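>>> this one's structure only:
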Ligand code: HXC
């Protein structure tokens with residue numbers, strides 16, 4: 001697959017500063033690397049400092065750009081305030097925000113404890129709100145842009161996913177509310193709803209190892225590069241009149257959920273949960 005720099009101008013984000021939660025791995029790492037590859041600077045945050053520092057170093061080496069790691073649990077207001085302060089201290093501003101930190105697992109309703117449900121809501125939904133709250137004045141000052149990472153499983157009530165689905169539905173709502181409320185300040189707020197993306201922790205937790213992707217209309221699972229391309233587009237001037245939109249990047253997969261004739265991706269069965 002073509003890299004983003006084969007498609008978009010290499011210095012597209014020169015001088016721009018990104019703050020990304022969950023940027024140490026998977027989809028969000030790829031989103032971060034794409035911004036840095038196009039001249040931006042980035043701060044990535046998550047709970048695991050070792051993993052973050054390794055990812056920051058690797059991304060810096062791969063791109064020649066600056067990527068800084070700051071430990072933060074998005075559930076804790078003091079942590080996200082500190083991450084925002086460190087970003088501004090280091091780079092002077094924040095132009096772009098990606099809310100990507102998420103926690104997920106498959107669990108039938110009867111196996112989902114009170115604490116399990118609350119934990120996922122706190123990481124995904126509250127974490128998105130907390131970090132945006134902390135960064136919003138800086139994003140407004142730079143007339144910046146926000147991308148919230150959502151999913152598609154709540155569109156059709158996928159089994160064993162009510163905790164993540166409820167959180168992501170809340171994130172979809174926040175995307176619209178913020179687009180309306182921050183739009184007058186020149187801030188665009190959008191989301192990306194990835195489908196099954198290969199080689200991610202999320203997919204390995206949700207799908208069986210021999211999952212069948214032939215039912216995806218475009219005939220393949222997604223890649224982190226697919227999400228990187230969408231990120232570059234949404235942050236770029238090409239999307240300057242797009243706000244409040246959730247961009248589904250799934251090869252038309254969710255449209256086939258429960259459609260006769262389309263094989264379902266086989267989730268890990270309840271006996272293994
Ligand atoms: C049922 C579970 C469980 C499971 C944890 N819990 N795993 N319940 N089935 N498989 C319960 C625990 O028993 C506990 O409840 C509560 O959840 C909190 O668990 P902790 O381990 O104490 O919490 P914490 O250490 O904060 O970890 C949070 C986590 C963990 C979400 C449980 O998995 C995590 O940190 N994940 C981050 C990485 C991740 O999940 N990435 C994938 C994101 S993919 P009790 O009652 O026992 O105290 C994604 C998109 C998916 O979000 C879309 C794909 C298409």
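Nice, thanks for sending it over. If you're wondering where the values come from, they're calculated on a predicted model, not measured in any experiment. Numbering: from 1, shown residues only.
>>> hang on, residue 248 packs against residue 195?
Yes: judged on CB atoms under 8 Å, residue 248 makes contact with residue 195 at a distance of 7.4 Å. C-beta here means a position set from N, CA and C on the backbone, and glycine is covered the same way.
>>> near the ligand, which residues of the stretch 101-250 of the chain?
Residues of the stretch 101-250 of the chain lying close to the ligand by CB under 6 Å from any ligand atom are 102-105, 107, 111-113, 115-116, 119-120, 123, 151, 153, 164, 196, 201-203, 205-206.
>>> For the residue of the stretch 151-273 of the chain found nearest the ligand, what are phi and psi?
Residue nearest to the ligand within the stretch 151-273 of the chain: residue 202 (2.7 Å; CB to the nearest ligand atom). Residue 202 adopts backbone torsions of phi -60, psi -50, taken as degrees, to the nearest 10.
>>> What sits closest to it if chain neighbours are left out?
residue 104 (5.9 Å; CB to CB, 6 or more residues apart in numbering).
>>> And for residue 195?
Per CB to CB, 6+ apart, closest to residue 195 is residue 250, 2.4 Å.
>>> if we can go back for a sec, from the residues of the stretch 101-250 of the chain next to the ligand, which would you call buried?
Among these, those scoring as buried are 102-105, 107, 120, 123, 151, 153, 164, 196, 202-203, 206 (criterion: 16 or more other CB atoms under 10 Å).
>>> what's the most distant pair in those?
123 and 196 (20.7 Å; CB to CB).
>>> pretty sure residue 211 is in a helix, no?
No: the assignment for residue 211 (DSSP: H, G, I helix; E, B strand; the rest coil) gives coil, which keeps it out of a helix.
>>> how about the nearest residue to it once chain neighbours are set aside, secondary structure?
Nearest non-adjacent residue to residue 211, counting by CB to CB, 6+ apart: residue 265, 5.1 Å away. The three-state label given to residue 265 by three-state DSSP is coil.
>>> Return the distance of residue 265 relative to residue 157.
15 Å (CB to CB, to the nearest Å).
>>> what about the two, which has more around it?
Legend: neighbour count by other CB atoms under 10 Å for residue 265 and residue 157, higher for residue 265 (22 against 11).
>>> Tell me how many other residues surround residue 219.
Neighbours around residue 219, by other CB under 10 Å: 9.
>>> Break down the stretch 1-150 of the chain into its strands, ranges please.
Taking DSSP state E, counting those that start in this stretch as the test, the strands found in the stretch 1-150 of the chain are 17-21, 41-46, 67-71, 96-99, 145-149.
>>> What segments of the stretch 151-273 of the chain are helices?
Taking DSSP state H, counting those that start in this stretch to define them, one finds helices in the stretch 151-273 of the chain at 162-182, 201-206, 224-235.
>>> Now the second one: average pLDDT?
This means helix 201-206. Averaging pLDDT along helix 201-206 gives 84.
>>> Can you spell out which helices and strands pack onto it?
helix 26-37 (3 or more CB pairs under 8 Å, 6 or more residues apart in numbering; DSSP states H and E).
>>> quick one: the helix it packs on near the ligand?
No: under the criterion of CB under 6 Å from any ligand atom, helix 26-37 makes no contact with the ligand; the nearest approach is 7.5 Å.
>>> Which neighbouring elements make contact with that helix?
Applying 3+ CB pairs under 8 Å, 6+ apart, one finds that helix 26-37 contacts helix 4-7, strand 17-21, strand 41-46, helix 49-63, strand 96-99, strand 145-149, helix 201-206, helix 224-235.
>>> Residue 170 is in contact with residue 122, isn't it?
No: with contact defined as CB under 8 Å, residue 170 does not reach residue 122; the gap is 11.4 Å.
>>> Near residue 184, how many other residues are there?
8.
>>> Equivalent analysis for the one 3 residues further on, please.
Residue 187 sits with 21 neighbouring residues when counted by other CB under 10 Å.
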